[in-house]
Structures are given as C-alpha cells and as structure tokens.
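In: quick one: sequence plus predicted model below, questions after.
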Amino acid sequence: MKQTNPLKRLTHSPLARNILTLFTGKAAAQVILIGSAPIISRLFVPADYGTAAMILALAALVAPLATLSFGTASQLAALDSDARSLLRVAMGSTVLFTVLLVALTFILSSALELEFFTRFGGWEWAIPLLFLLHGAESAFESWNTRRKRFKVQAVTSVSSVGISTGSRIAFGAIGGSSVAGLVISKFIGVGTRVAVLARGSGLTRSTEASERSLDHYRSLAYKFRDFPLFATPTALLQSVNRQLPLLLFGGLFSPAVAGLYAMADRLFLRPLNLLNASFRSVYTQHLVSAVDRGRPLTPLLLKASAFTGAAMLVPSTLLLVYGEPMIAFVLGETWRGAGEFIEITAPLMFFAALVIPANAAMVVCRQQRTFLAMQVLTTTALAVGFFTAFLIWRTPASALWALVTVLSIRHLYTVFIALAVTRRQDKSQQSNL
C-alpha cells in the first residue's frame, strides 16, 4: 500500500488550504498595519492616538451585543434559508441596539456631561455608528464563513485595512495630528469591508423575507436561544477583557498612555487576534464537519493545539526579549513605551494561539454555559488584578502584568476543559454506535 507523507497530507487538506487563504489575507492586512506604523507614529502624537483609540475601543467593547450571536448560530443551521433568517434577526437586533446606544450616548455625554466623555470633543457620537457597522460586519462575515468564501474574507481584510491606512496617512499629512482623522479613517475602512462582504449574501431577498412569518423567526430564535443567552454575554465579557486595559490606561493614567498601549495593540495584539480569528473561523467549520461524519474530536483538538502553540513559541520569545529596543528604533523614542507593553504581553502570543482550537471545540460542542461561567470569573479576576496592581505599584506596566497573568492561566484552563468536553462527547458517540 502506498504510504502518504502525513505532513504533505496535512498541507494539502481543505482545512489547511482554507486556513492558509484566510491567514494570507489577514497577514497581508497586518503587513500594511505594521509597515505603515513608522509613518503613523510620526504624523500623530500619542495623546490623539490614545483618544481615538478609546472611542474605537468603546464601540468594539459593546459590539458583541449587536447581533446577539445569531450570526454565529447561522453557521450551524441545517439550511441556508434558515441561516439567512437568523442573519436577518441579527441585523434587526443590530439596528435596535444602535438606537438604544444613541440614546445612551446622549444621556452620558450631553445630559450628564460625564468627564470621561468630554475628552472626546464630540466624537463620542461615532460610537453608535461604529457599533452599527461592526454588527453588519459580523453578520456578513458569518454568512461568508458558512459558505466557505474564505477568499472573499481575505480580500476584504486587505482592502479595508489598505483604504483605512491610506486615508489615515492622508488626513495626518494634510491636517496634522487629530482625533478626527483617526476616527474617520476607521469609518472608511470598516464601511468598505461591510459593503464587499454584503455582496452575494442574499439577505435582502424580498421574496424569501416576505415568505417567512414572524413565527418562523421566533421558532429559529428559540431553537438557537443558547447563543444570545450564553454566547453573547461570553463574547461581551471577552470584549471587556480585550478593551479593558486601554480604557483603564486612558481613564486612570492619561490618553497618552492609552496611545502607547494602542500602538502596541496595533503592532502586536491586533495582528495576533486577527490571525487567531482566521484559524478559529475555519477550524470551527472543520469541527462541525467532523461531528457530522462521526469523527472523534479529541485527536483533532490535540493536533491542532500542538500546531498553533508551536507556531507562536519562537515569535513570542523574540518579542519578550527585544520588543522595547525594536519599537524605539522603528517608531522613535516617543513611542518606546509601546515596546515595553509589547514585551509584557508577548507570552500571550503563545497562550492565545494554544487555546484557539479549544475555543472552537467549546462552540461546536454547545458549551456556551460553561464558557459564560469561565468568562465571568476571568473578567472579575482581571478587574481585581488590574486595580490591585494599580493601587500597590501605580504603574501601567505592573497593571498590565496582572492582566497577562490572569489571561494566560485562563487560556490553559480552557484547553483542559475543552479536552474533557471532547472526550466526553467522543465516548457518548462511541456508545451510540
């Protein structure tokens, strides 16, 4: 019998090709972000960069509420028509929450005149508009993931980042450093991506939409109720964990400190999260197919975890050692603090990569309730750790070390929980044969 090289079989598999497609697009987008950083750092000062980053962070923080996770649920629907119905529910939810967010923004910024919002200079009104775009982006991306249109997602990642970065440089070169140029360029980039992803989705088919009764949508929403009940709070808490450092740095220290962290996020954390999301999107569909074919999940999870962890071990070590001098050389001494933040968060590159397959397995095995409980504990631990470090040492570095420690422990725990869940499901599947 002819023996097939396991490595060759892996690299030529549909899973590997899909991951490579999304990875290539995300990587190209990150090359643009990283390559333009020396220009951006010389056009915008840390204070303006931090203020704009706080506005964008607030929009991203509440973004998981937009679709109530019905976009993710659509990837598991048996029929495309049901998936489109779920996405219509997601879009309706996005519009409703946008209206509520507009009202909340008015109350906090205009009626109560909170000091936190006064530093935004009127640009706090960008928050609900960005929220609307993020909701639409999430819904359309879920549809393209379901249809395995990974090439479309890859192309939109590159084009949106390219357009956003180009407009940001133009605003900075013409008008100098400003919050307006940074925020408007974000609108342009996200809007471009939404427009491209929406093409071919079929969500606006009037005939299909009119044929669906309210009971149909209600029935689907009830069938996938675990997503809004558990997945949405989990995603919201994950978003809080993601945006918490930047907002706390801006609120407890200064917008300039937030700007340094935001630059570190641009060069390190954001590329890492986007590349991780590429693998997770493809791997989720891979596990769904494995379940449909009756394949055991535990061996797949172990192999994927070993691969993702090993891939990030060397890069994380290099950034841990050389992050600060590298940033000072590339961006200038003004941004040296961003390099210190990168060194501190470097271990997360390894642990965040290690946990990607486990997160996908938890979704496929419908463990939203467990995920939510873990996320509540994580968010509580992050807040306690951050404020404890702040009260004792009163430095951004010590507070960030506390966050990195909590998140690293959480990622390891998630891997162990996911392995226990997949083993239990595999045994149940074998007993039913």
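Out: Structure received.
In: going by C-alpha atoms from here, please, whenever you check contacts or count neighbours.
Out: Fine.
In: send me stretch 234-251 as PDB with only the CA atoms.
Out: C-alpha atoms of stretch 234-251 as PDB (Å, rounded to 0.1, in the frame of the first residue of the first chain):
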ATOM      1  CA  THR A 234     -19.500  35.500  27.000                       C
ATOM      2  CA  ALA A 235     -18.500  37.400  23.900                       C
ATOM      3  CA  LEU A 236     -19.300  40.700  25.700                       C
ATOM      4  CA  LEU A 237     -17.100  39.800  28.600                       C
ATOM      5  CA  GLN A 238     -14.300  38.700  26.300                       C
ATOM      6  CA  SER A 239     -14.600  42.100  24.600                       C
ATOM      7  CA  VAL A 240     -14.500  43.800  28.100                       C
ATOM      8  CA  ASN A 241     -11.300  41.900  28.800                       C
ATOM      9  CA  ARG A 242      -9.900  42.900  25.400                       C
ATOM     10  CA  GLN A 243     -10.700  46.600  25.700                       C
ATOM     11  CA  LEU A 244     -10.300  47.000  29.500                       C
ATOM     12  CA  PRO A 245      -6.600  47.800  29.600                       C
ATOM     13  CA  LEU A 246      -6.700  50.600  27.000                       C
ATOM     14  CA  LEU A 247      -9.800  52.200  28.600                       C
ATOM     15  CA  LEU A 248      -8.300  51.900  32.100                       C
ATOM     16  CA  PHE A 249      -5.000  53.300  31.000                       C
ATOM     17  CA  GLY A 250      -6.800  56.300  29.400                       C
ATOM     18  CA  GLY A 251      -9.000  56.800  32.400                       C
END
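In: list the buried ones in it?
Out: 234-250 (16 or more other CA atoms under 10 Å).
In: please apply the same query to stretch 115-131.
Out: For stretch 115-131, using 16+ other CA under 10 Å, the buried residues are 117, 120, 123-131.
In: does the residue nearest the centre of the chain count as helix, strand or coil?
Out: By CA atoms, centre = their mean, the mean C-alpha position of the chain lies nearest to residue 273, the distance being 5.9 Å. State at residue 273, reduced to three classes by DSSP: H, G, I helix; E, B strand; the rest coil: helix.
In: what residue ranges in this structure score low on pLDDT?
Out: Residue ranges of the chain with pLDDT under 70: 1-16, 19, 22-23, 200-211, 274-275, 278, 432-433.
In: can I see the domain layout of it?
Out: 31-224, 258-433 (automatic domain parsing).
In: what's the separation between residue 44 and residue 266?
Out: Distance of residue 44 to residue 266, given as CA to CA, to the nearest Å: 14 Å.
In: neighbour count: those two, which is higher?
Out: The neighbour comparison of residue 44 against residue 266 (other CA atoms under 10 Å) goes to residue 44, with 22 against 17.
In: give the contact list for that one.
Out: Residue 44 makes contacts with 172, 176-178, as judged by CA atoms under 8 Å, 6 or more residues apart in numbering.
In: can you list these in TSV and add neighbour count, secondary structure and distance to residue 345?
Out: TSV is the format used below for the contacts of residue 44 (neighbours: other CA atoms under 10 Å; DSSP: H, G, I helix; E, B strand; the rest coil; distance: CA to CA, whole Å):
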residue	neighbour count	secondary structure	distance to residue 345
172	21	helix	29
176	15	coil	31
177	21	coil	27
178	18	coil	28
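In: all helices for the stretch 101-250 of the chain, in order.
Out: 115-118, 126-146, 150-175, 179-198, 206-211, 214-223, 226, 232-248 (DSSP state H, counting those that start in this stretch).
In: next, the buried residues of the longest one.
Out: In terms of neighbour count (16+ other CA under 10 Å), helix 150-175 has its buried residues at 150-169, 171-172.
In: equivalent analysis for stretch 382-392, please.
Out: Buried residues in stretch 382-392 (16+ other CA under 10 Å): 382-383, 385-387, 389-390.
In: and what of stretch 327-339?
Out: For stretch 327-339, using 16+ other CA under 10 Å, the buried residues are 327-328, 331, 335-339.
In: kindly check the end-to-end length of that stretch for me.
Out: Using CA to CA, first and last residues of stretch 327-339 are 5 Å apart.
In: contacts for that stretch, please.
Out: 37-38, 41-42, 46, 260-264, 323-326.
In: tell me the contacts of the closest residue to residue 51 other than its chain neighbours?
Out: Spatial nearest neighbour of residue 51, chain neighbours left out: residue 255 (5.5 Å); criterion: CA to CA, 6 or more residues apart in numbering. The contact partners of residue 255, taken as CA under 8 Å, 6+ apart, are 46-51, 249.
In: how about stretch 391-401 as PDB, C-alpha atoms only?
Out: The C-alpha atoms that make up stretch 391-401 are tabulated as PDB, following Å, rounded to 0.1, in the frame of the first residue of the first chain:
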ATOM      1  CA  LEU A 391      -3.100  50.600  43.900                       C
ATOM      2  CA  ILE A 392       0.100  48.900  45.000                       C
ATOM      3  CA  TRP A 393       2.600  50.000  42.300                       C
ATOM      4  CA  ARG A 394       0.700  52.700  40.400                       C
ATOM      5  CA  THR A 395       2.400  52.000  37.100                       C
ATOM      6  CA  PRO A 396       0.900  50.900  33.700                       C
ATOM      7  CA  ALA A 397       3.500  48.100  33.500                       C
ATOM      8  CA  SER A 398       2.500  46.400  36.800                       C
ATOM      9  CA  ALA A 399      -1.200  46.600  35.900                       C
ATOM     10  CA  LEU A 400      -0.600  45.000  32.500                       C
ATOM     11  CA  TRP A 401       1.500  42.200  34.000                       C
END
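In: quick check: the closest residue to residue 220 other than its chain neighbours vs residue 219, distance?
Out: Leaving aside its sequence neighbours, residue 220 sits nearest to residue 86 (CA to CA, 6+ apart; 7.0 Å). Using CA to CA, we find residue 86 at a distance of 10 Å from residue 219.
In: between the two, point out the one with more neighbours.
Out: The neighbour comparison of residue 86 against residue 219 (other CA under 10 Å) goes to residue 86, with 28 against 12.
In: in the helix or strand containing that one, which residues are buried?
Out: According to DSSP states H and E, residue 86 maps onto helix 80-105. Within helix 80-105, the residues that count as buried by 16+ other CA under 10 Å are 81-95, 97-98, 101-102, 105.
In: check the offset of it from the chain's centre.
Out: Offset of helix 80-105 from its chain centre (CA atoms, centre = their mean, to the nearest Å): 19 Å.
In: same question for stretch 395-406.
Out: Centre to centre, stretch against its chain (CA atoms, centre = their mean), the figure for stretch 395-406 is 21 Å.
In: my guess is residue 288 contacts residue 364. True?
Out: Yes - between residue 288 and residue 364 there is a contact under CA atoms under 8 Å: 6.4 Å.
In: circling back: give the other helices and strands that the helix holding residue 86 contacts.
Out: helix 70-74, helix 126-146, helix 214-223 (3 or more CA pairs under 8 Å, 6 or more residues apart in numbering; DSSP states H and E).
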